[in-house]
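Novice: A predicted structure for the sequence below; I have some questions about it.
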Amino acid sequence: MAVDCCDAIRVLGYEHRLILEFRNIFNNRDSLITLLDNSYMALLPVLCYPDPRLHRIAKPVAAVDARIKKIVADMADTMYEAPGVGLAATQVDIHERIVVIDISDNQDELMVFINPELVWASPEKKSWREGCLSVPEYYDEVERPDSIRVRALDINGKQFELEADGLLSVCLQHEMDHLQGKVFVEYLSPLKRNRISLKMKKRIKELVGQR
Ligand code: K1U
Ligand code: ZN
């Protein structure tokens, strides 16, 4: 992306930071890269089923630092752009326990779950028609516990617990499966799964051929 000084000024907004950052820019090329990295929306490529990287098990986040916050921001940008209502780090080839979800109508209620753990699941089950950004244009019914309780860290590294039902419960379970290397099509019959796999491979081939 070509970025000139005017763009940088517009993005940064206020003078104080601008002066400090420009001092860095002229003294240190790496500072310019960091500045632009932090200022611009970053869309991450989403892995497509049956990519084997979708089956990797994510590791816990050791500390919610600036690197993790940048990953969360990029994941949120990627989810909103798709558009989707959730995204797990595994789907963008980052194998750390990070999930973003926004089920609001206006896409303005971002929820961040770092190191999410299931602490309770209701014995009652419910079937829901699920989709997945890693399995584009395919939707199918999956049965899961109706309500759940999850413990996680928020964007400031503070622990919280949340009880969820409806779409939030489904979405959280779907995203936590991703962190365990499980894609929702693995709940379906082998016949359906093979069909989806072939369809996705064909789709990827066509997309590559178009380039
Ligand atoms: O994990 C993902 O791939 C995201 C997935 C989450 C999800 C949705 C529905 C049931 C279970 C899990 C999606 O967001 S698929 C796209 C989608 O459902 C949607 C897209 C735009 C508006 C509303 C929904
Ligand atoms: Zn998914």
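Specialist: Here it is on my side, so go on. Ligands and ions are numbered 1, 2, ... in the order given.

Novice: show me where pLDDT drops low in this structure?
Specialist: 1-39 (pLDDT under 70).

Novice: Show the residue spans covered by the helices in it.
Specialist: For the chain, applying DSSP state H gives helices covering 5-12, 15-27, 29-39, 66-81, 166-179, 190-210.

Novice: Where is the longest strand in the protein?
Specialist: Using DSSP state E, we find that the single longest strand of the chain is strand 111-121.

Novice: Spatially central residue for the protein, please.
Specialist: residue 87 (3.0 Å; C-alpha atoms, centre = their mean).

Novice: Report the contact partners of the closest residue to it other than its chain neighbours.
Specialist: Excluding the flanking residues, the one nearest residue 87 by C-beta to C-beta, 6 or more residues apart in numbering is residue 79, at 4.1 Å. (C-beta placed from N, C-alpha, C; glycine too.) Residues in contact with residue 79, defined by C-beta atoms under 8 Å, 6 or more residues apart in numbering, are 85, 86, 87, 100, 102, 133.

Novice: ok, which pair from the residues you listed is furthest apart?
Specialist: Largest separation among the contacts of residue 79 by C-beta to C-beta: 102 and 133, giving 13.2 Å.

Novice: List the residues that contact the closest residue to residue 125 other than its chain neighbours.
Specialist: With sequence-adjacent residues excluded and distances taken as C-beta to C-beta, 6+ apart, residue 125 is closest to residue 143, at 5.1 Å. Residues in contact with residue 143, defined by C-beta under 8 Å, 6+ apart, are 125, 126, 127, 187.

Novice: Please apply the same query to residue 101.
Specialist: Counting by C-beta under 8 Å, 6+ apart, residue 101 touches 85, 86, 87, 110, 111, 113, 168, 171, 172, 175.

Novice: 10 Å - rerun?
Specialist: When contacts are counted by C-beta atoms under 10 Å, 6 or more residues apart in numbering, residue 101 touches 76, 79, 84-88, 109-113, 116, 164, 167-168, 171-172, 174-175.

Novice: give me the subset of these touching ligand 1.
Specialist: Applying C-beta under 6 Å from any ligand atom, the subset of these adjacent to ligand 1 comprises 84, 85, 86, 87, 88, 171, 174, 175.

Novice: and the second one, how many neighbours does it have?
Specialist: Think residue 85. Each residue near residue 85 was counted by other C-beta atoms under 10 Å, and the total is 21.

Novice: Stretch 124-132: which residues count as buried?
Specialist: 128, 130, 131, 132 (16 or more other C-beta atoms under 10 Å).
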